[in-house]
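**Student:** structure, please.
(one chain, ligands or ions: 1)
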Amino acid sequence: MEIRIFETEAGVDKAAADYVAARITEKKGFVLGLPTGGTPEGMYAKLVDKVNKGELSFKGITTFNLDEYAGYKGDEPQAYLRFMKEHLFDHVDIEEGAYNVPNMSGDTTEKEATYGYENKIAGKGGIDLMVLGMGGNGHIGFNEPGTPFGLGVHRVELTEKTRQDNSRFFASIDDVPTAAITMGIRSIMNCRSLIMIVKGSAKAKVLAQALSGPVTEDIPASVLQLHPQAIIFADKEAASCL
Ligand code: GLP
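**Tutor:** Have a look, this model is predicted:
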């Protein structure tokens, strides 16, 4: 595992965007895994810039998002599909149908939402590069502490901590969904390479536990220690306890 530390958040955004941009041009039909949250917003803005300047194209790229709130259709203000459209998909030349976000709304059964998504990823040959953020309790995707490492795409009940953390995007905590569909740790570890972006002092302690402590299901991000191709992009505040 490699750790790259940057002076500022903007430094992390630029480095992560440069890295992703270089990787997705590596081969035809590149498959990219994507996160939501405040952390990757800056990286997405920089990727959009590159496309606007004609330096980068998403044509031929397929993307798979990590997670989505259960029951969301995708157009709700806090839906991860909507977030992705607002921050990336609507501003780049990605082809219609080439981006995927888990969906368990309407008549979609849990099985379709989970195994169906997993099969779709497998059908594209698996994910070449997964970009991750990390939650305040060390979760990745929506794999909360204690989630067995062996799970693929699954439905999860969200912890109070995660609902509190994410309540800043909602009118009140009561509006935060209680469940989500997420790629599991097995799905994440199956990706051929990974980067995880972490910013801010609030995540410093848990980042140190994840990277230097034991690999444990209590801190889901600690599993990255076992991945042969993982790079951490952190600002110096997030890295301050390393
Ligand atoms: C949510 C997402 C995660 C994300 C985390 C951190 O829980 N499911 O994929 O990494 O939030 O969010 P932020 O980057 O806003 O701290």
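
**Student:** does Phe30 touch Phe58 like I think?
**Tutor:** No. With contacts counted by CB atoms under 8 Å, Phe30 stays clear of Phe58, the gap being 9.4 Å. Bear in mind the C-beta positions are built from the backbone N, C-alpha and C, glycine included.

**Student:** hey, what's in contact with both of those two?
**Tutor:** Ile24 (CB atoms under 8 Å, 6 or more residues apart in numbering).

**Student:** quick one: pLDDT of the residue nearest the centre of the chain?
**Tutor:** The residue lying closest to the centre of the chain (CA atoms, centre = their mean) is Pro35, at 2.3 Å. At Pro35, the pLDDT value in this model is 98.

**Student:** quick one: residues contacting it.
**Tutor:** So Pro35 contacts Asn65, Leu66, Val131, Leu132, Gly133, Gly141, Ile197 (CB under 8 Å, 6+ apart).

**Student:** how does it look with 6 Å?
**Tutor:** Leu66, Val131, Leu132, Gly133 (CB atoms under 6 Å, 6 or more residues apart in numbering).

**Student:** near the ligand, which residues of this structure?
**Tutor:** The chain has residues 35-39, 66-67, 133-135, 141-142, 162, 166 near the ligand, with proximity defined as CB under 6 Å from any ligand atom.

**Student:** kindly recompute the last result at 8 Å.
**Tutor:** 35-40, 66-67, 80, 132-136, 139-142, 162, 165-166, 180, 182, 197, 199-200, 203 (CB under 8 Å from any ligand atom).

**Student:** within the helices and strands, which one has the nearest residue to Asp75 once chain neighbours are set aside?
**Tutor:** Spatial nearest neighbour of Asp75, excluding adjacent residues (CB to CB, 6 or more residues apart in numbering): Arg82 at 5.9 Å. Using DSSP states H and E, Arg82 maps to helix 80-87.

**Student:** direction included, what does the following helix or strand past that helix pair up with?
**Tutor:** The first helix or strand that comes after helix 80-87 along the chain, using DSSP H and E, is strand 99-100. Using DSSP bridges, the strands paired with strand 99-100 in its sheet are strand 62-65 (parallel).

**Student:** quick one: mean pLDDT over the strand it pairs with.
**Tutor:** 98.

**Student:** for stretch 205-223, same thing?
**Tutor:** Here the average pLDDT along stretch 205-223 is 98.

**Student:** show residues contacting it.
**Tutor:** With CB under 6 Å, 6+ apart, stretch 205-223 has contacts from 134, 138-140, 143, 145-146, 149, 185, 198, 225, 238, 241-242.

**Student:** next: stretch 18-33.
**Tutor:** With CB under 6 Å, 6+ apart, stretch 18-33 has contacts from 50, 56, 60-64, 124, 127-130, 191.
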